[in-house]
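Asker: just need the structure, nothing else, for what follows:
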Amino acid sequence: RAAAGGATAVTTVGAGLAPEPLRAFVEGFLLAAYRMPRTGRSASPGKLPAERLVLLGTDGPATQAAVAAAQAGVRATLLARVLGATPSNTKNPAWMAEQATALVTAAPRREGRLDVAVHDEAWLRRHDMGGILAVGSGSATPPRLVTVSWTPARTTAATRTVVLVGKGITFDTGGISLKPREAMVSMKTDMAGSAAVLAAVLAAAELGLPHRVTAVLALAENAMGGASYRPGDVVRITDGTTVEVSNTDAEGRMVLADGLAWAARTLTPDVLIDVATLTGAAKQGLGLRHAALYATDDALAAGLLAAADAADEPAWRMPLVADYRPTLDSDVADIAHAPTDPHVKAGSVTAALFLRHFAGQVPWAHLDIAGPGRTGSKQGELPAQAATGYGARLLVRYLEALGS
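Answerer: Numbers count the residues shown, from 1 in each chain. Purely as a prediction, here's the structure:
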């Protein structure tokens, strides 16, 4: 920020630094230079960021690799920020699908394959994705399921298949369970999980990582209309599970249920991770900096916590409290999507317990980013009052370290 207003910033700070702190320095410089996209006749207020950073006293393959990794991680974060900041009169499920397709098409060709597939509402109906269809039923813009996959040219015994499922609610009114106005203002960022997983796969391709990685974007707009789903509805997920709905504002777990169940059944993952701005409870409990991490596998949890520390995107592991699971029992369906016992408050925990059902036997982790996915003040490298891009660099760091 201090370098803003000049064309070039020149520094000796990197001289003699090991690759990891050098990478952190470059990431900090580039991330703090971010300016939120602006639509208007006047230019953005304030000084523009420096156009170039020159690192004196640094050279060699290790330095070049550290800078390249920093740039890839920052590009991922800034992509997630820009997607999150886009107003929802522009951003809808079809628009998100178009962005994913354009990004894959424009990505530099590398050894390996980067593929995108866009599935419309007819495909969703054929595959019985009742959760995504229910959430999107009240909107004039129909839902989508998008996959973006990176397949390396060479695989080894250490190569893993990782599937990242992102909540992609392009705007959340709460549906019939309408949000208050104040709570609705930031809901253009309710697709931050899908932005993070999309950006992470593109970064994996840019870095040529040796793992098969697929992002599954579960995209819908939760609006109100005559066709909206209702409290009391019973919805069938793609794996056949029936879900009793009690609150249409708990829509994120519905689209994730379809995404997780479909991915677990069809993509043969070794690891399954979902990312979502899911619950106010996680934000109340952990604030704006830490994500709530849930996992069924200790090694997976440890890997994600280490990646969170390296990326400076903090996470805190939370318990999957078995005693709370019976509160999701339903008299009319296989499972309730929210607690039926009003005395059990742990909203982030019970949401995670619901999602775990759809991951099956695959090692699974859930990142609830309702707090760090958005920020209300300028903190460190974070922008003020905007989508933060949280999770993109965390996932890239996790993929880099996986199997090493």
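Asker: distance of Thr101 from Ala94?
Answerer: Here the criterion is C-beta to C-beta, to the nearest Å. By it, Thr101 lies 11 Å from Ala94. No exception for glycine: its C-beta is placed from N, CA and C like everyone else's.
Asker: residue ranges of the strands in the stretch 251-400 of the chain, please?
Answerer: Taking DSSP state E, counting those that start in this stretch, the strands of the stretch 251-400 of the chain run over residues 271-276, 291-295, 315-317, 335-336, 364-368, 374-375, 386-387.
Asker: worst-scoring helix or strand of this structure, pLDDT-wise?
Answerer: strand 374-375 (a mean of 83; mean pLDDT, DSSP states H and E).
Asker: for that strand, packing partners?
Answerer: strand 386-387 (3 or more C-beta pairs under 8 Å, 6 or more residues apart in numbering; DSSP states H and E).
Asker: okay, and the beta partners of Asp368?
Answerer: When bridges are taken as DSSP bridges, the partners of Asp368 come out as Ala276, Ala292.
Asker: start at 40, not 1
Answerer: Sounds good: first residue 40 from here, last item Asp407.
Asker: and the contacts of stretch 47-58?
Answerer: Contact partners of stretch 47-58, identified using C-beta atoms under 8 Å, 6 or more residues apart in numbering, comprise 42, 61, 64-65, 68, 89-97, 101-102, 104-105.
Asker: now do the buried residues in it.
Answerer: Neighbour counts over stretch 47-58 (16 or more other C-beta atoms under 10 Å) mark 48, 53, 56, 58 as buried.
Asker: what do you get for stretch 245-253?
Answerer: Neighbour-count burial for stretch 245-253, counted by 16+ other C-beta under 10 Å, picks out 245-246, 248-253.
Asker: output it as PDB - backbone C-alpha positions only.
Answerer: Backbone C-alpha positions of stretch 245-253 (Å, rounded to 0.1, in the frame of the first residue of the first chain) are rendered in PDB as follows:
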ATOM      1  CA  GLU A 245      -1.000 -23.300 -13.900                       C
ATOM      2  CA  LEU A 246       1.500 -24.900 -11.500                       C
ATOM      3  CA  GLY A 247       1.300 -28.300 -13.200                       C
ATOM      4  CA  LEU A 248       0.500 -30.100  -9.900                       C
ATOM      5  CA  PRO A 249       0.700 -33.900 -10.100                       C
ATOM      6  CA  HIS A 250      -2.800 -34.600  -8.800                       C
ATOM      7  CA  ARG A 251      -6.200 -35.000 -10.500                       C
ATOM      8  CA  VAL A 252      -8.300 -32.100  -9.200                       C
ATOM      9  CA  THR A 253     -11.900 -31.400 -10.000                       C
END
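Asker: low-confidence stretches in the stretch 340-443 of the chain?
Answerer: Low-confidence segments of the stretch 340-443 of the chain, defined by pLDDT under 70, span residues 415.
Asker: also the stretch 140-289 of the chain?
Answerer: Across the stretch 140-289 of the chain, no stretch falls below the confidence threshold (pLDDT under 70).
Asker: out of everything not next to it in sequence, what's closest to the residue of the chain most remote from its centre?
Answerer: Relative to the centre of the chain, the most outlying C-alpha is that of Gly96, 36.7 Å out, by C-alpha atoms, centre = their mean. The shortest distance from Gly96 to any non-neighbouring residue, by C-beta to C-beta, 6 or more residues apart in numbering, is to Ala54 (2.9 Å).
Asker: element containing the one you found?
Answerer: Taking DSSP states H and E as the definition, one finds Ala54 inside no helix or strand.
Asker: what lines up beside the least confident helix or strand of the chain in the sheet?
Answerer: strand 425-426 (antiparallel).
Asker: neighbouring contacts of the partner strand?
Answerer: 75, 119-120, 122-124, 228, 231, 234, 412-414.
Asker: buried stuff in stretch 59-67?
Answerer: In stretch 59-67, the ones that count as buried by 16+ other C-beta under 10 Å are 61-66.
Asker: the residues you listed into CSV, with extra columns for pLDDT?
Answerer: Compiled in CSV, the buried residues of stretch 59-67 are given as follows (pLDDT from 0 to 100):
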residue, pLDDT
Leu61, 96
Arg62, 97
Ala63, 96
Phe64, 95
Val65, 96
Glu66, 96
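Asker: could you export those as a markdown table, including distance to Ala257 and secondary structure?
Answerer: A markdown table is the format used below for these (distance: C-beta to C-beta, whole Å; DSSP: H, G, I helix; E, B strand; the rest coil):
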| residue | distance to Ala257 | secondary structure |
| --- | --- | --- |
| Leu61 | 37 | helix |
| Arg62 | 32 | helix |
| Ala63 | 32 | helix |
| Phe64 | 36 | helix |
| Val65 | 33 | helix |
| Glu66 | 29 | helix |
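Asker: which pair of the residues you listed spans the longest distance?
Answerer: Every pair in the buried residues of stretch 59-67 was compared (C-beta to C-beta); the two farthest apart turn out to be Leu61 and Glu66, at 9.7 Å.
Asker: how about the spatially closest residue to Tyr429 that is not a sequence neighbour, phi and psi?
Answerer: Nearest in space to Tyr429, with sequence neighbours left out and distances taken as C-beta to C-beta, 6+ apart, is Pro411 at 4.2 Å. Summarising the backbone geometry of Pro411 under the convention degrees, to the nearest 10, its torsions are phi -70, psi -10.
Asker: understood, closing this out.
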